[in-house]
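**Student:** Please work out how this folds:
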Amino acid sequence: MRPSVELGHGTSRPRTPSLTQNVSWGVRGALPFAVVFSCGCVVLAMFQRSITIQLGASDSVNALAVIAFYFVGAVLVGTAVGLARPLFRWRIGAAAVGAFVAIPIELAIILLVRGWSRLTLFDLATAGIFALIMGVPAGLILWEVLATDGKRSTKRAP
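**Tutor:** Residues are numbered from 1 along each chain as shown. Now for the predicted structure:
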């Protein structure tokens with residue numbers, strides 16, 4: 001239950017979180033993803049028996065750079081989502097935030113693997129498609145979680 005602010009005459013409305021609380025909320029929500037993805041990166045490096053992870057015939061990436069990317073990305077994306085938290089009141093706002101933060105995530109992954117010199121128009125299109133395919137549903141899932149205040153419904157399906 002959200003804390004309430006008395007408006008007088010017995011009426012109240014939910015307290016609006018501060019900017020700092022929103023950013024903290026966003027970063028706290030993103031950091032567990034960085035931990036899980038970093039563990040996956042460590043396992044992949046262990047299987048390849050190298051700190052350099054081979055991603056095909058011509059692409060490779062340093063596992064430590066990937067782990068650093070996950071944590072820096074979690075802080076940046078968490079901050080962006082936290083700043084945009086008021087938009088999660090509406091489905092369309094949640095979808096827009098999801099798409100917005102998915103674009104830099106995909107571009108950062110492409111840059112980490114390929115570098116600036118090999119960035120193409122196709123890569124930019126890929127980032128846009130990624131935003132629609134992954135970002136919009138992620139935003140909507142978060143909207144659903146927030147709309148139910150993190151509680152599962154006790155109603156049974158017919």
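**Student:** Next up, the contacts around Tyr70.
**Tutor:** Phe33, Ala34, Phe37, Ser38, Cys41 (C-beta atoms under 8 Å, 6 or more residues apart in numbering). C-beta here means a position set from N, CA and C on the backbone, and glycine is covered the same way.
**Student:** Could you find the closest non-adjacent residue to the fourth one?
**Tutor:** Okay, so that is Ser38. For Ser38, the nearest residue in space outside its immediate sequence neighbours is Ile67; the separation is 4.6 Å by C-beta to C-beta, 6 or more residues apart in numbering.
**Student:** With just CA atoms, put the helix or strand encompassing that neighbour into CSV.
**Tutor:** Counting by DSSP states H and E, the element that carries Ile67 is helix 63-83. Output for helix 63-83, consisting of C-alpha atoms alone and laid out as CSV, is shown next (Å, rounded to 0.1, in the frame of the first residue of the first chain):
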residue,chain,number,x,y,z
ALA,A,63,34.5,-10.8,-20.9
LEU,A,64,35.6,-8.0,-18.5
ALA,A,65,34.4,-5.4,-20.9
VAL,A,66,31.0,-7.1,-21.2
ILE,A,67,30.7,-7.3,-17.4
ALA,A,68,31.6,-3.6,-17.1
PHE,A,69,29.0,-2.9,-19.8
TYR,A,70,26.3,-4.8,-17.9
PHE,A,71,26.9,-2.8,-14.7
VAL,A,72,27.3,0.6,-16.3
GLY,A,73,24.3,-0.1,-18.5
ALA,A,74,22.2,-1.1,-15.5
VAL,A,75,23.0,2.2,-13.8
LEU,A,76,22.3,4.2,-16.9
VAL,A,77,19.1,2.3,-17.9
GLY,A,78,17.9,2.2,-14.3
THR,A,79,18.4,5.9,-14.1
ALA,A,80,16.4,6.5,-17.3
VAL,A,81,13.6,4.2,-16.3
GLY,A,82,13.5,5.8,-12.8
LEU,A,83,13.3,9.3,-14.3
